[in-house]
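Asker: Give the three-dimensional model of this entry:
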Amino acid sequence: MNAIRASYDSIAADYAEFLANELDDRPLDRAMLAAFAEIAGAGARVADVGCGPGRVTTLLYDLGLDAYGIDLSPGMLAVARKTYPHLRFEEGTMTALDVADGGLAGLLAWYSVIHIAPDQRPAVFAEFHRVLAPGAPVLLAFQVGDESLHVSEALGHTVSLEFQRLRPERIAEELTAAGFAVTATLIRERVGNDKVRQAFVLARREH
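Answerer: This next block holds a predicted model:
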């Protein structure tokens, strides 16, 4: 976690600029976010876990949600707070969320569970289940694959990041085991700078 935090702190400003318009040419990604927002319901309190510079948090807000961001990196949070001063951003980790049991009407993990080791994902999904109200949606986004990758350079900065490419069917199995009902899985082909296919898994807390 310390390496992840330090790496994202170092690239925060450049990362925000690099991804500022990322969703403009990704209508399917936006459609999944819109579906998530509709299921959660207008005004629903939802958390963007691993929010980075807040680019998706503000999109959820614009879709009518009471959205706020949670991130491990103070550097990312500083950028988010400066860019979107009308939104709330908190420092935290998805392994132990500072949220009451059943306190959320929705949870987004947009390319953030990729940093969780495979043997830790069940505990993370159990934590997602704990903080969500019954029936509330969770939406995960990630790259498709089986590889564990190490990144030592990003946007001209030296970093140390481990991330996982994931199989949607495996994530669906793990969510089901954690007490979720999977409602949709979308796999889309590469767009823009994508190196591999991208996946989106939408589920609801069952009970």
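Asker: Low-confidence bits of the protein, can you list those?
Answerer: Low-confidence segments of the chain, defined by pLDDT under 70, span residues 6, 8-10, 15, 18, 151, 153-155, 157, 159-160.
Asker: for it, what spans make up the helices?
Answerer: 2-18, 27-40, 55-62, 74-83, 121-131, 168-177 (DSSP state H).
Asker: which ones are touching the residue with the largest distance to the centre of the chain?
Answerer: The outermost residue of the chain relative to its centre, with distances by C-alpha atoms, centre = their mean, is Gly156 at 23.9 Å. When contacts are counted by C-beta atoms under 8 Å, 6 or more residues apart in numbering, Gly156 touches Asp14. Placement of C-beta: from N, CA and C, glycine included.
Asker: shift numbering so it begins at 29
Answerer: That works, and once the first residue is 29, the last one we named lands at Gly184.
Asker: The helices of the chain: which one's closest to Leu214?
Answerer: helix 55-68 (6.0 Å; C-beta to C-beta).
Asker: And the closest one, what does it pack against?
Answerer: On a contact count with 3 or more C-beta pairs under 8 Å, 6 or more residues apart in numbering; DSSP states H and E, helix 55-68 meets helix 83-90, strand 134-138, strand 165-171, strand 208-216, strand 226-233.
Asker: TSV for those, including distance to Ile67 and mean neighbour count?
Answerer: Below are the helices and strands packed on helix 55-68 laid out as TSV (distance: least, C-beta to C-beta, whole Å; neighbours: other C-beta atoms under 10 Å):
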stretch	distance to Ile67	mean neighbour count
helix 83-90	12	22
strand 134-138	7	25
strand 165-171	5	24
strand 208-216	8	16
strand 226-233	7	22
